[in-house]
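**Q** Pasting the sequence and the predicted model now:
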Amino acid sequence: MRASEHFLTSAEDSDGNVWVVRADDNDTACHVADLFRLSDHVRVTIIAPDDPLDLD
């Protein structure tokens, strides 16, 4: 199962808050990830449209 037709960038901060941003392409997803990293988010993940979802 595909996650989306879009790239998804998620970020989690040290308080456990999570944000998810949808992007149309990899360059935009990477730019969003860089912005999250600049704001000291603990974990940043990019999910590409071709990445399978692990639902277990």
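**A** Yes, it's here. Quick caveat: nothing in here was measured; it's all calculated off a predicted structure.
**Q** Can you give me the buried ones in stretch 33-52?
**A** Across stretch 33-52, burial judged by 16 or more other CB atoms under 10 Å covers Ala33, Phe36, His41, Val44, Ile46, Ile47. For glycine as for every other residue, the C-beta is placed from the backbone atoms N, C-alpha and C.
**Q** these two touch, right, the third one and Asp15?
**A** No: at 10.5 Å, His41 does not count as touching Asp15 under the criterion of CB atoms under 8 Å.
**Q** ok, back up a step: TSV for the buried residues of stretch 33-52, including secondary structure?
**A** Output for these, formatted as TSV (DSSP: H, G, I helix; E, B strand; the rest coil):
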residue	secondary structure
Ala33	helix
Phe36	helix
His41	coil
Val44	strand
Ile46	strand
Ile47	strand
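**Q** and Asp50, what are its phi and psi?
**A** Per-residue torsions, Asp50: phi -80, psi -10 (degrees, to the nearest 10).
**Q** distance of it from His41?
**A** Distance, Asp50 to His41, by CB to CB, to the nearest Å: 24 Å.
**Q** hang on, the earlier thing: any idea which of the buried residues of stretch 33-52 is closest to Val20?
**A** Val20 has its nearest neighbour among these in Ile47, at 9.0 Å by CB to CB.
**Q** Could you check how far that closest one is from Asp15?
**A** Ile47 is 22 Å from Asp15, by CB to CB.
**Q** and if you look at Asp50?
**A** From Asp50 to Asp15 the distance is 32 Å (CB to CB).
**Q** what do you get for Ser39?
**A** Distance of Ser39 to Asp15, given as CB to CB: 13 Å.
**Q** cool, and Thr9?
**A** Here the criterion is CB to CB. By it, Thr9 lies 19 Å from Asp15.
**Q** which of the two has more neighbours?
**A** More crowded of Thr9 and Asp15, by other CB atoms under 10 Å: Thr9, with 23 against 6.
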